[in-house]
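> Next come a sequence and a model predicted from it.
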Amino acid sequence: MIQPDHETVDIEALKNDAEFQDNVRLLEKEMHETGSIAKGYQLLDIKLAMQAGEDEINEIFTFIVNRAFDMLAEYLTEHKKFDLSDPEEYAAARAIYEHGIQRYSENDTKGAKEIFLVLYHQITEQEVKEAMMIHACAVMAGQSFETFIDDFADVTNLDPEDPKSVFITEFVQPNDMALAMWGNYVEQGKKELEVLEKK
């Protein structure tokens, strides 16, 4: 896996390193041939580190998001859940979550709520699952994205080494208290998800 360490790698040297560039091209080819979201994220990290053009970055991100939603549709049909210990399923859940956060930040509350509820439905890992319901409740309660990030989410102890740190799972209130406080929204969210159980 080629993942340059931003602190120690000479980016300009890598841009002129034929072997490294060949490896990047190979990774891109593998990403498209296998439809791998995990490889998409590897490639995205490299391109961001190398300060690639906006079009190139957007193209990779579009591939990641499209593949993630394709996988989601397939899993919903098959009544399969995401296992975050599987690199590909984790990458899909990450992409969908990041898309939900983007929707939330752009005030698309309907889209954000639906994405967080679907992730609650799809993720088996209890801490992340609960956190997705809290996200959905915050949206339903009318919290702006800024309020959610600044006043409600606790992002002070994020561990960059922990892959699950891409998901906000800690809040200023304990999860059980937050869920109890928003009990009516939790019930509303679960009711909206019933349609997925019937498919």
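Here it is on my side, so go on. Numbers count the residues shown, from 1 in each chain.

> mind listing the strands for this structure?
With DSSP state E as the definition, the chain shows no strands.

> how does this protein divide into domains?
Recorded structural domains for the chain (assignment: automatic domain parsing) are 1-52, 66-198.

> mind checking the longest helix of the protein?
Of all the segments of type helix in the chain, defined by DSSP state H, the longest one is helix 54-78.

> Listing request: residues of the protein with sub-threshold pLDDT.
For the chain, residues meeting the criterion pLDDT under 70 lie at 1-10, 198-199.

> looking at the domains of the chain, which is closest to residue 60?
Comparison of the domains of the chain against residue 60 by C-beta to C-beta identifies domain 1-52 as nearest, at 4.9 Å. Backbone N, C-alpha and C define where each C-beta goes, glycine included.

> Just give me how far the closest one sits from the chain centre.
Here domain 1-52 is found 20 Å from its chain centre; the criterion is C-alpha atoms, centre = their mean, to the nearest Å.

> and what of stretch 91-104?
Chain-centre distance of stretch 91-104: 4 Å, with C-alpha atoms, centre = their mean.

> Am I right that residue 76 is in contact with residue 196?
Yes - at 6.2 Å, residue 76 and residue 196 qualify as touching, with contact defined as C-beta atoms under 8 Å.

> in the longest helix of the chain, what counts as buried?
60-61, 63-65, 67-69, 71-72 (16 or more other C-beta atoms under 10 Å).

> One more: stretch 101-109?
By neighbour count on 16+ other C-beta under 10 Å, the buried set for stretch 101-109 is 101, 103-104, 109.

> next one: stretch 11-23
Here stretch 11-23 shows 14, 20 as buried, counting by 16+ other C-beta under 10 Å.

> likewise stretch 78-94?
Buried residues in stretch 78-94, counted by 16+ other C-beta under 10 Å: 81-82, 84, 88-94.

> follow-up on the earlier one: which secondary structure elements does the longest helix of the chain contact?
Helix 54-78 is packed against helix 37-49, helix 87-105, helix 109-122, with contacts defined by 3 or more C-beta pairs under 8 Å, 6 or more residues apart in numbering; DSSP states H and E.

> can you tell me how far the residue nearest to residue 138 when sequence neighbours are not counted sits from residue 108?
Spatial nearest neighbour of residue 138, chain neighbours left out: residue 148 (4.9 Å); criterion: C-beta to C-beta, 6 or more residues apart in numbering. Noted for residue 148: a distance of 14 Å to residue 108, by C-beta to C-beta, to the nearest Å.
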